Structure formats: C-alpha cells, structure tokens
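K.L.:
This is a predicted model, with the sequence first.
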Amino acid sequence: MRKRAAVLCGAAVVVAGTVTALPADASTAHPTTTTVQPAKPTWKKCATTNYPTLQCSSVQVPLDHANPHGKQITLALSRVPHTAKTYQGPLLVNPGGPGGSGLTLAGFVASSLPKAVASQYDVIGFDPRGVGKSTPALDCKPGYFNPVRPDSVPSTPALEKANLARVKAYTAACGKKYANLLPYIDTVSAVRDMDSIRAALGARKINYFGYSYGTYLGAVYAKLYPERVRRLVLDSIVDPTGIWYDDNLGQDYAFNDRQQALMAWIAKYDSTYKLGTDPARIEAKWYAMRAALAKKPADGKVGASELEDTFIPGGYYNGYWPYLAEAFAAYVNDKNADPLVEAYENYAAIDASGDNGYSVYTSVQCRDASWPRDWNQWRRDNWAAYDKAPFMVWNNAWYNAPCAFWPTRTKEPVNIANGKLPPVLLFQATNDAATPYEGGATVHQMLAGSSLVVEEGGGNHGITLSGNACLDKYLSTYLSDGKVPRGGREVDAVCQKTPDPKPLTSAKSATSTAHGSTLHGLLGFRG
C-alpha cells in the first residue's frame with residue numbers, strides 16, 4: 001500500500017490466503033429466495049432541474065437479516081426508469097463513503113451515460129442503512145467538526161490529549177445514542193439490503209456500478225450472491241486486503257504525493273500565483289501558512305486542521321487546484337485570508353448531512369474489521385508515516401481513531417476472491433490517492449475473468465463519467481453489450497489521463513472541469 005505501483009511494470013499479485021476467510025455470518029449460503037419478500041416500491045416523482053425524470057420510493061428491510069421478522073428499517077430509493085424497448089434490468093449505483101447518499105447519483109449516471117445506453121436500464125440509487133433519507137439515519141454527535149479543532153499533529157502531550165478526548169467523547173456518544181443499531185451497521189448488512197432491493201424490484205439479477213467504497217460493497221455483494229450479478233463495474237477500487245486500518249495508512253503516502261503534485265502545478269504557473277518556481281519551496285510556504293493558522297485561525301474558522309481539510313479534496317480531484325492555489329497565494333502574498341475561508345466553506349465545512357455521513361462511515365469501518373485497540377500502536381504507525389509523508393497523516397488518523405475505542409464487536413473482512421462471475425469491468429487511475437493503484441491491481445487478480453482499464457498518470461478519484469472519453473467508451477460498451485477489453489494479464493486497456501486544469505485566468509478552464517466536479521461533489525471525500 002505504501003509504495004506506488006507502476007501500471008505497466010507488473011501489478012501486485014495477491015494470494016487468496018492473504019485475506020481472511022469469509023466469516024460465518026457472511027457465508028455465501030443463502031436462500032434461493034428472500035425469507036421475507038419486500039413490498040414492491042411505489043414510485044413518485046421527485047424531479048429536479050438537472051434530473052427531470054427522477055423518481056423516489058422506499059423499501060423496508062430487516063434491521064437484522066438473521067431475524068427477518070424482527071425490527072424493520074427503511075431504505076430510501078431513487079430511480080430513472082428505462083425508456084428503450086430493450087430492457088437490461090436495474091443498475092444499482094453507489095458513490096462510496098461508507099456513508100454516501102446515492103439518490104442523486106442515479107440521476108447523474110443516467111444523464112451522463114449515452115442516452116442509448118442509459119435508456120435500457122432502470123438506474124437505481126439508494127441511501128444505505130443509516131444514511132440520508134433512509135430511516136433511522138445516524139448522527140452521533142452533531143457539530144463534531146465545528147471549527148476550530150485542536151491541531152491534528154500531536155506535537156505536544158496536551159494536543160494528543162485534546163484530540164483523544166474528542167475522539168473518545170464521539171465514540172461514547174455513538175454508543176449511547178445507537179446501542180441497538182451499531183451492531184447492524186456494516187458492509188455485509190448493507191449487501192443483504194441490496195439483495196432485498198433486488199427482490200423488491202422483481203429482478204432475478206442486478207447490474208451494479210460503484211465508486212470508491214462502493215467497489216468493496218459491490219465486490220462483497222458479488223461474493224455473497226454471485227449468481228445474482230449480471231454486470232459489475234468498479235471504479236477507483238478499495239484494496240480488500242487492507243480493510244480498513246492498513247488502507248488508511250496507505251492513503252497517507254498517496255495523498256502526500258498528490259499534495260506535492262499540486263505544489264508542482266503551482267510552480268508551473270508562477271506568473272499567475274507568484275509563489276515561486278521550486279515546488280519544494282512552495283511546499284515550505286504551505287507549511288508556514290499552516291503554522292501561522294495554528295497560532296491564529298483565519299476568521300476564527302480555519303486553523304491548522306481546517307486547512308488540511310480544505311486541501312485534502314485537491315487530492316481527490318485536481319479540478320479544485322485552481323481555487324486552492326488562489327486561496328493559498330492570496331494568504332501568502334496579500335495577507336488576505338478571505339479566499340481561504342471561502343475555500344474552507346466550499347470544500348471542507350461539515351453540515352448535517354456531513355455529520356450523518358461521518359456517523360455511518362465510522363460505524364461501518366469500525367464494525368467491518370479489527371482495529372488496533374492499543375493507542376501506542378496508532379502512535380507508532382502514524383509518526384512513522386508522518387516522517388515520510390506529513391501532509392494528512394494525523395488528520396486521517398484522528399478521522400479514523402474512533403475505531404480504536406468503538407463499542408461494538410468487530411467482524412472480519414470478506415474475502416472477495418471470486419471465480420463465479422460474468423465478466424467484470426474495473427477502472428483505476430495510477431496516481432489515485434484515496435484508493436491507491438494497488439487496490440485495482442489486487443482486485444483484478446482476485447476476480448477471475450475481470451478486465452482492468454487504467455488511466456495512466458491520472459490522479460483523480462472517480463474517473464468514469466468525468467470527462468475522459470476513452471474511459472467512458474469502455475464503460476458504455478460494457479453496459480451496452482457486456483463486452484470487456486482483453487489486453488493482457490495485468491492490464492487490459494490503458495487510457496491517457498485527462499489534462500490538468502489551467503489557472504482560472506483562462507476562460508476555457510472555468511468550464512472545463514464542470515462535469516467532473518459534479519461527479520466529485522456527489523462522491524464526496526474520505527470515501
């Protein structure tokens with residue numbers, strides 16, 4: 001995870017034995033029909049300006065799938081119905097997270113695919129259990145990310161103590177508020193929900209398209225229900241062998257690389273930003289800005305931790321780079337913090353939906369897998385990573401630290417290795433930070449017969465339906481007729497990355513990233 005893989009120089013091969021065997025409560029054994037048949041959804045119009053044919057509904061599922069007649073919860077659904085004579089069934093879409101809402105994503109996917117392709121599917125969005133408009137929806141501690149938080153880097157015992165106190169208070173709040181729910185907020189339960197959605201739709205099989213964490217969700221569904229998978233698209237792929245502690249440490253190195261790529265991009269446009277032509281010196285100015293904000297937060301909102309929050313999205317999507325660079329330059333060159341505060345409010349400030357998303361994120365990740373319970377191990381591992389890749393190590397550590405103290409028992413990750421599927425289509429960028437390239441290479445090896453399409457040199461997270469015509473052609477062909485590229489043992493097709501953005505002084509760049517930012521706004525961050 002901690003070393004970037006060269007796409008054409010030998011992808012990682014993962015032996016099935018490196019992944020924990022499928023746990024008993026996630027067994028692939030299941031009834032040929034659901035024990036309790038969910039009611040067929042009643043669809044109502046919920047059109048928006050951008051998605052005028054969007055419909056909404058809901059379905060009830062058991063809180064505990066082992067007790068199908070027990071307490072029921074409600075999942076919110078959305079749909080863009082098929083219009084073509086040729087009907088290829090439901091296409092479930094998921095934006096990741098865990099904790100991301102998929103309701104609007106259905107409209108985006110349906111409108112972004114070629115009409116001839118999208119019209120053959122009912123594109124189905126859903127809010128997983130605990131998320132958004134599904135009920136009950138989780139919100140462990142409203143306002144948990146309100147500024148200004150303690151400096152994320154625990155350079156003094158007092159800072160470490162302050163951060164640990166926040167984390168423990170959050171964990172205690174979750175445990176007290178949702179004691180009866182937390183044992184059932186996990187990936188396998190969400191997968192069981194997906195099969196209930198399939199049954200409610202009256203479909204024998206589903207098609208599935210997932211981004212980020214949604215790739216793990218889809219791969220686990222395919223493991224539990226291989227005979228119910230018709231087509232499977234995974235974009236920006238989670239490494240299933242690192243669920244979740246190792247995956248998060250691996251992100252730290254990759255995000256540091258993307259932050260340095262931003263510094264190099266700023267250096268290229270010194271005539272615009274006037275921060276210099278040496279990326280290393282520009283990076284030093286960024287850390288000096290961080291130190292200044294730690295002492296005096298901008299507008300009482302943007303301290304050191306909030307600055308990191310603001311720049312982390314640039315690691316997900318380089319379309320944000322011009323805005324981040326302008327804010328950086330204004331603060332350093334003009335002593336003007338207003339653009340920085342605006343960038344924080346646009347990219348990092350957490351509202352009620354963000355509180356909900358984080359509550360589900362922690363609940364799923366902390367329940368899905370074992371985490372170190374000894375804080376000394378977290379301290380050692382994160383300081384070791386910080387020495388090599390300081391940009392977001394401690395920010396990421398505190399984001400995930402509730403799992404060191406989580407009140408529910410943990411499960412084991414699912415071994416997603418699978419030889420029972422139809423052709424599967426995988427997409428991965430070589431320089432993706434949130435789900436580093438190794439994840440795509442690993443899953444390609446674990447899903448027999450899958451095809452891996454790589455965006456060479458790309459660093460964005462979520463790469464299809466984001467402006468790369470080469471990638472989108474492979475996606476459309478697969479959804480249209482099931483054909484996947486076959487080009488080699490390690491990589492089946494290579495697309496060149498979309499060009500980096502230009503400074504906002506260019507009229508062209510003001511609109512060139514609009515489509516991509518729509519997708520990345522839906523995918524969110526940390527997913």
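P.N.:
Arrived safely.
K.L.:
since we're on Lys268, how many residues are nearby?
P.N.:
By other CB atoms under 10 Å, the residues close to Lys268 number 15. All C-beta atoms are positioned from the backbone trio N, CA, C, and that covers glycine.
K.L.:
tell me what whichever strand or helix holds Tyr208 is packed against?
P.N.:
Per DSSP states H and E, Tyr208 falls inside strand 206-211. The elements that strand 206-211 packs onto, with contact taken as 3 or more CB pairs under 8 Å, 6 or more residues apart in numbering; DSSP states H and E, are strand 90-94, helix 187-201, helix 213-224, strand 229-235.
K.L.:
following the strand or helix carrying Tyr478, which helix or strand shows up next?
P.N.:
Using DSSP H and E, Tyr478 maps to helix 469-481. Proceeding N to C from helix 469-481, the next assigned helix or strand is strand 493-496, under DSSP H and E.
K.L.:
Output the helix holding Tyr478 as PDB, nothing but the C-alphas.
P.N.:
Output of helix 469-481 as PDB, limited to C-alpha atoms (Å, rounded to 0.1, in the frame of the first residue of the first chain):
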ATOM      1  CA  ALA A 469     -13.900   9.900 -23.400                       C
ATOM      2  CA  CYS A 470     -11.600   6.900 -23.600                       C
ATOM      3  CA  LEU A 471     -12.700   5.500 -20.200                       C
ATOM      4  CA  ASP A 472     -16.300   6.300 -20.900                       C
ATOM      5  CA  LYS A 473     -16.200   4.300 -24.200                       C
ATOM      6  CA  TYR A 474     -15.200   1.200 -22.400                       C
ATOM      7  CA  LEU A 475     -17.900   1.800 -19.800                       C
ATOM      8  CA  SER A 476     -20.600   2.400 -22.400                       C
ATOM      9  CA  THR A 477     -19.700  -0.700 -24.400                       C
ATOM     10  CA  TYR A 478     -19.800  -2.900 -21.400                       C
ATOM     11  CA  LEU A 479     -23.200  -1.600 -20.200                       C
ATOM     12  CA  SER A 480     -24.500  -1.900 -23.800                       C
ATOM     13  CA  ASP A 481     -23.400  -5.400 -24.700                       C
END
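K.L.:
how far is it from where the chain is centred?
P.N.:
The chain centre lies 22 Å from the centre of helix 469-481; the measure is CA atoms, centre = their mean, to the nearest Å.
K.L.:
Same list (the helices and strands packed on strand 206-211) but as JSON lines, adding mean pLDDT, mean neighbour count and distance to Pro41.
P.N.:
As requested, the helices and strands packed on strand 206-211 are exported to JSON lines (pLDDT from 0 to 100; neighbours: other CB atoms under 10 Å; distance: least, CB to CB, whole Å):
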{"stretch": "strand 90-94", "mean pLDDT": "98", "mean neighbour count": "27", "distance to Pro41": "11"}
{"stretch": "helix 187-201", "mean pLDDT": "98", "mean neighbour count": "22", "distance to Pro41": "6"}
{"stretch": "helix 213-224", "mean pLDDT": "98", "mean neighbour count": "27", "distance to Pro41": "19"}
{"stretch": "strand 229-235", "mean pLDDT": "98", "mean neighbour count": "24", "distance to Pro41": "20"}
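K.L.:
what would these look like in a markdown table with distance to Ser58?
P.N.:
Listed next are those as a markdown table, based on distance: least, CB to CB, whole Å:
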| stretch | distance to Ser58 |
| --- | --- |
| strand 90-94 | 15 |
| helix 187-201 | 10 |
| helix 213-224 | 19 |
| strand 229-235 | 24 |
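K.L.:
Helices along the stretch 201-350 of the chain, start to end?
P.N.:
Ranges of helices in the stretch 201-350 of the chain, per DSSP state H, counting those that start in this stretch, are 213-224, 245-268, 270-273, 279-295, 304-316, 321-334, 338-347.
K.L.:
Other residues contacting the last one?
P.N.:
By that I understand helix 338-347. With CB atoms under 8 Å, 6 or more residues apart in numbering as the test, helix 338-347 has contacts from 298-299, 301-302, 306-307, 309-310, 313, 320, 323-324, 326-328, 330-331.
K.L.:
and the helix or strand just after it, which residues are buried?
P.N.:
Going down the chain from helix 338-347, the next helix or strand is helix 352-368, by DSSP H and E. Using 16 or more other CB atoms under 10 Å as the test for burial, helix 352-368 gives 354-368.
K.L.:
which one of the residues you listed is nearest Lys473?
P.N.:
Comparing these against Lys473 with CB to CB places Gly357 closest, at 32.2 Å.
K.L.:
The closest residue to that closest one other than its chain neighbours and Asp355: what is the separation?
P.N.:
Counting by CB to CB, 6 or more residues apart in numbering, Gly357 lies nearest to Gly99, which is 3.7 Å off, once chain neighbours are set aside. Between Gly99 and Asp355 the distance, using CB to CB, to the nearest Å, works out to 10 Å.
K.L.:
And Ala173, by the same measure?
P.N.:
Between Ala173 and Asp355 the computed distance is 11 Å (CB to CB).
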